[in-house]
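>>> Generate coordinates for the sequence data below:
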Amino acid sequence: MSSHAEFTRALLDTGRACPPGLYSSNGADPASRFAVYRNNVQGSLLNALADSYPVVEQLVGQAFFKAMARTYIERQPPSTPRLNDYGEGFAEFIDDFVPAASLPYLGDIARLERLRVESYHAADARPLAAAQLQEAMSRPEQLGRLHLHLHPSLRSLQSSYAVASLWAAHQDGRQWPSFYLQREQQILVLRNALEVEVLVVDAGCLAFTDSLRARQPLAVAAAQALDAQADFDLGRCLGLLLGHGALIDL
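Residues are numbered from 1 along each chain as shown. Presented below is the predicted three-dimensional model:
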């Protein structure tokens, strides 16, 4: 093992001793100085996870979250210098984290919170004007070839649990009706102006949106939406996307 790899392992695992060969310029004990540095690094990574996954932390409690996060930090060190990117694999880690097995929806809560982080930091774009869409829709001979382009911040999530409702119930100052957690939800996440929004949509609208993201023309996207939901309402879905600034170009 290289000295660099050994240093990294010791930095992320509190059970490891200070790597050999370290010296302090002022004569202080290297092990003591290394322990301080390791604590600062791990504290920064732990805080980054807590900032990205606040509802996960609320659901399991601070002590459990810290223990889970420390295990994640040991197993998955940062791959980039950007703290905003750290924790991209946290949801998958939670899925396999045995102590969290009694909360089968926790991984999807983490996925939703990760999508919110991604959406917040995505590129900006000017929303499509309603008049432009209306004009395009008024030419039926071109609808089959029409492509609708989505905002760069738009993300989607299909969950077997009502994770959007659970997430919303943990936001300060929001009133949310009672909900059945075991009910699946289709979710869109996007940044509208300066606010990241979480929208619950029907199965057809999610399929339609995912098809548009795959650069399918309107006719193909609508057909895939109808396959997912027989009573899919194209006008309603387009109105929702347009109203939340999710459409940016034709």
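
>>> low-scoring stretches of the chain, by residue?
1-8, 10-38, 173-177 (pLDDT under 70).

>>> Domain-wise, how is it divided?
Split into domains by automatic domain parsing, the chain comes to 1-103, 123-250.

>>> Just name the most buried of these.
Comparing these by mean neighbour count (mean count of other C-beta atoms under 10 Å), domain 123-250 ranks first with a mean of 16. C-beta: built from backbone N, CA, C; applies to glycine.

>>> Span of that one from start to end?
This stretch, domain 123-250, spans 18 Å end to end (C-alpha to C-alpha, to the nearest Å).

>>> one step back: and the domains of the chain: which comes nearest Leu112?
Closest to Leu112 of those is domain 123-250 (C-beta to C-beta; 5.4 Å).

>>> before we move on, back to that, between the domains of the chain, which one is closest to Arg114.
Arg114 lies closest to domain 1-103 among the domains of the chain, at 6.2 Å (C-beta to C-beta).

>>> would you list the domains of the chain in TSV and tack on distance to Ala110?
TSV is the format used below for the domains of the chain (distance: least, C-beta to C-beta, whole Å):
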stretch	distance to Ala110
domain 1-103	4
domain 123-250	9
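
>>> can you tell which of these is closest to Glu113?
Nearest to Glu113 among those is domain 1-103; the distance by C-beta to C-beta comes to 4.9 Å.

>>> Which stretches in this structure count as helices?
Secondary structure of the chain by DSSP state H: the helices cover 3-12, 30-52, 54-60, 62-75, 90-95, 106-121, 130-137, 163-168, 203-213, 218-228, 234-243.

>>> would you turn these into a markdown table with distance to Leu148?
Below are the helices of the chain laid out as a markdown table (distance: least, C-beta to C-beta, whole Å):
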| stretch | distance to Leu148 |
| --- | --- |
| helix 3-12 | 45 |
| helix 30-52 | 30 |
| helix 54-60 | 31 |
| helix 62-75 | 38 |
| helix 90-95 | 29 |
| helix 106-121 | 19 |
| helix 130-137 | 8 |
| helix 163-168 | 23 |
| helix 203-213 | 5 |
| helix 218-228 | 6 |
| helix 234-243 | 8 |
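
>>> and of the ones you listed, who's closest to Gly144?
Closest approach to Gly144 among the helices of the chain is made by helix 218-228 (4.2 Å; C-beta to C-beta).

>>> Please name every helix or strand in contact with the closest one.
For helix 218-228, the elements it packs on are helix 203-213, helix 234-243, judged by 3 or more C-beta pairs under 8 Å, 6 or more residues apart in numbering; DSSP states H and E.

>>> Make a markdown table out of these and add distance to Gln142.
Listed next are the helices and strands packed on helix 218-228 as a markdown table, based on distance: least, C-beta to C-beta, whole Å:
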| stretch | distance to Gln142 |
| --- | --- |
| helix 203-213 | 16 |
| helix 234-243 | 15 |
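
>>> What residues are bridge-paired with His149?
Taking DSSP bridges as the rule, His149 bridges to Asp249.

>>> close enough to count as contact, it and Leu218?
No. Judged on C-beta atoms under 8 Å, His149 makes no contact with Leu218 at a distance of 11.3 Å.

>>> Overlap in contacts, these two.
Common neighbours of His149 and Leu218, counting by C-beta atoms under 8 Å, 6 or more residues apart in numbering, are Leu212.

>>> circling back: would you mind saying which of the helices and strands packed on helix 218-228 lies nearest Ser102?
Going by C-beta to C-beta, the one of these nearest Ser102 is helix 203-213, 28.2 Å.

>>> And the closest one, what does it pack against?
Helices and strands touching helix 203-213, by 3+ C-beta pairs under 8 Å, 6+ apart, are strand 149-150, strand 155-159, strand 185-192, helix 218-228, helix 234-243.

>>> right, so of the ones you listed, which gets closest to Tyr86?
Nearest to Tyr86 among those is strand 155-159 (18.1 Å), distances taken as C-beta to C-beta.

>>> which strands and helices sit next to the closest one?
Other elements packing on strand 155-159 under the criterion 3+ C-beta pairs under 8 Å, 6+ apart are helix 106-121, strand 185-192, helix 203-213.
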